[in-house]
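Colleague: What follows is a predicted protein model with its sequence.
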Amino acid sequence: MTIMNKDAERLIALLSCKGDKIGTMTEPEWESLIEFARKNSVANVLYTYLKSQNLSSPPGACEVIRNIYLTSAVRNSSLFHELEKILLAFQTAGITVVPFKGAWLAQTVYSNIALRQMEDVDLWVQRNQLDAARQVMDSLGYLSRSKADRPQVLQDTLVGETQMFKTGTPMVELHWNVFPGEWLRNIARIDEQAIWQRTLPHQSENVRQLSPEDAIIHICVHLAVNHQMSAPGLRTLLDLNCARQRLDINWITLAERACAWRVSTAIWIVLQIFAEMFGDPEEKLPLRVLEPSPFRQKILRRFVTPWTLANGIKLSSGPMRFLFLLALVDKPIHAFYLLWHGIVPDRQWLTMRYELQEASNWRIWLQRLWHPLRIALKRKI
């Protein structure tokens with residue numbers, strides 16, 4: 001077991017409003033704590049968390065913490081100013097949109113846009129309005145770009161997202177699918193149309209938000225499946241803690257939905273680590289309903305614990321992520337399906353991934369033979 005370092009212990013105490021337990025700290029210790037918070041993308045909350053708990057830091061550290069907060073406030077104010085332009089343009093074009101992840105969390109869950117660090121803006125539109133949404137983004141000066149090793153046609157057809165760029169503004173990701181990725185496509189049974197129908201008014205009828213239960217599931221799945229519990233894991237747990245305090249969450253409904261969607265194990269590992277780090281004083285988290293077998297729990301805990309997450313687990317950047325994703329399925333048979341689809345992908349994915357839509361059958365079969373060798377050599381799909 002990796003031992004949690006002192007910075008991690010102190011930072012978690014501050015974030016869980018138990019700052020009285022951190023004791024007296026020297027200036028170098030404060031500098032180390034601030035740097036650790038930066039590494040975990042939560043340094044911008046230190047200013048308000050210290051004030052709310054009536055804690056103080058040395059003058060030098062206090063100035064650094066205050067400047068981080070103010071810089072975040074300025075940057076996010078600019079981001080939201082641009083977002084308002086986009087949302088207004090969508091509304092004028094008759095496009096219904098759902099902001100989610102960072103922008104939604106900052107406004108709805110944190111209630112202070114300076115407290116949630118954001119690298120980009122995520123917007124969900126219905127697939128039949130995707131082309132119209134792109135035209136709106138084009139009119140605002142944005143250009144689309146496909147991900148590295150992911151042709152645009154593959155993203156449009158199966159992945160469900162388009163990255164949009166404009167000089168001087170954060171990246172905007174247009175989604176027609178809020179649960180992307182091959183793991184989810186092959187294993188999960190998520191009803192995105194039902195999720196859309198459950199959305200609630202956010203700023204207007206045209207600017208909506210996920211229901212509380214769907215939002216929590218999305219946060220957990222995004223960390224466990226899409227990021228394999230890697231950075232920014234601690235920031236995601238802070239998102240969950242703030243969401244738990246601000247949203248009216250029906251945890252029983254959430255658990256039932258997670259089980260029906262075949263993502264209960266993914267939800268369990270996130271909520272289990274969350275409970276160990278931030279507590280579950282009211283015992284509302286549905287851990288017993290979601291938990292896999294004791295044997296599978298042991299396997300998952302070999303990959304991630306509160307200590308490894310706080311100290312910066314890096315599953316997403318190495319070959320161990322494949323084993324973790326196999327362990328994350330709800331039923332062992334699903335691991336076989338996932339492994340099979342990874343090595344022997346369906347024709348649609350294979351031809352789009354390697355841009356072979358017009359290729360002859362022999363060329364496609366040759367690529368099918370090369371695909372598993374490529375995985376072994378490059379350690380990625």
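Modeller: Nice, thanks for sending it over.

Colleague: can you tell me the average pLDDT over stretch 186-205?
Modeller: Mean per-residue pLDDT for stretch 186-205: 94.

Colleague: List the buried residues of it.
Modeller: Judged by neighbour count using 16 or more other Cβ atoms under 10 Å, the buried positions of stretch 186-205 are 186-188, 190, 192, 195-196, 199, 202. C-beta: built from backbone N, CA, C; applies to glycine.

Colleague: Out of the residues you listed, the closest to K166 would be?
Modeller: Proximity of the buried residues of stretch 186-205 to K166 (Cβ to Cβ) peaks at H202, which lies at 23.2 Å.

Colleague: Can you verify my assumption that the closest one contacts Q209?
Modeller: Yes. Contact between H202 and Q209 holds when scored by Cβ atoms under 8 Å: they sit 4.0 Å apart.

Colleague: Nearest to H218 among the buried residues of stretch 186-205?
Modeller: I195 (8.6 Å).

Colleague: The host helix or strand of the closest one: how far from the chain's middle?
Modeller: Assigned by DSSP states H and E, I195 belongs to helix 192-197. A distance of 19 Å separates the centroid of the chain from that of helix 192-197, by Cα atoms, centre = their mean, to the nearest Å.

Colleague: Residues in contact with that helix: which ones?
Modeller: Residues outside helix 192-197 that contact it (Cβ atoms under 8 Å, 6 or more residues apart in numbering): 98, 126, 177-179, 210-211, 214.

Colleague: hmm, try it at 6 Å
Modeller: D214 (Cβ atoms under 6 Å, 6 or more residues apart in numbering).

Colleague: right, and the secondary structure at E84 would be what?
Modeller: The local conformation at E84, judged by DSSP: H, G, I helix; E, B strand; the rest coil, is helix.

Colleague: Can you report how many residues lie near it?
Modeller: Look at E84: counted by other Cβ atoms under 10 Å, it has 12 neighbours.

Colleague: any low-confidence regions in the stretch 101-250 of the chain?
Modeller: Along the stretch 101-250 of the chain, segments meeting pLDDT under 70 span 146-150, 158.

Colleague: One more pass at 80, please.
Modeller: In the prediction, the stretch 101-250 of the chain carries residues with pLDDT under 80 at positions 145-159, 231.

Colleague: Mind jotting down where the helices sit in it?
Modeller: Per DSSP state H, counting those that start in this stretch, the stretch 101-250 of the chain carries helices over the ranges 102-104, 130-139, 152-154, 182-187, 192-197, 212-221, 233-246.

Colleague: How much space separates the residue nearest to T26 when sequence neighbours are not counted from E35?
Modeller: Among residues not flanking T26 along the chain, P58 sits closest, at 7.9 Å (Cβ to Cβ, 6 or more residues apart in numbering). Computed with Cβ to Cβ, to the nearest Å, the distance linking P58 and E35 is 15 Å.

Colleague: Now the residue nearest to D191 when sequence neighbours are not counted: phi and psi?
Modeller: Nearest non-adjacent residue to D191, counting by Cβ to Cβ, 6+ apart: W261, 7.5 Å away. W261 adopts backbone torsions of phi -90, psi 0, taken as degrees, to the nearest 10.

Colleague: Tell me how many other residues surround W261.
Modeller: For W261, using other Cβ under 10 Å, the count is 21.

Colleague: I'd like to check which residues are in contact with it.
Modeller: Going by Cβ under 6 Å, 6+ apart, W261 touches 188-190.
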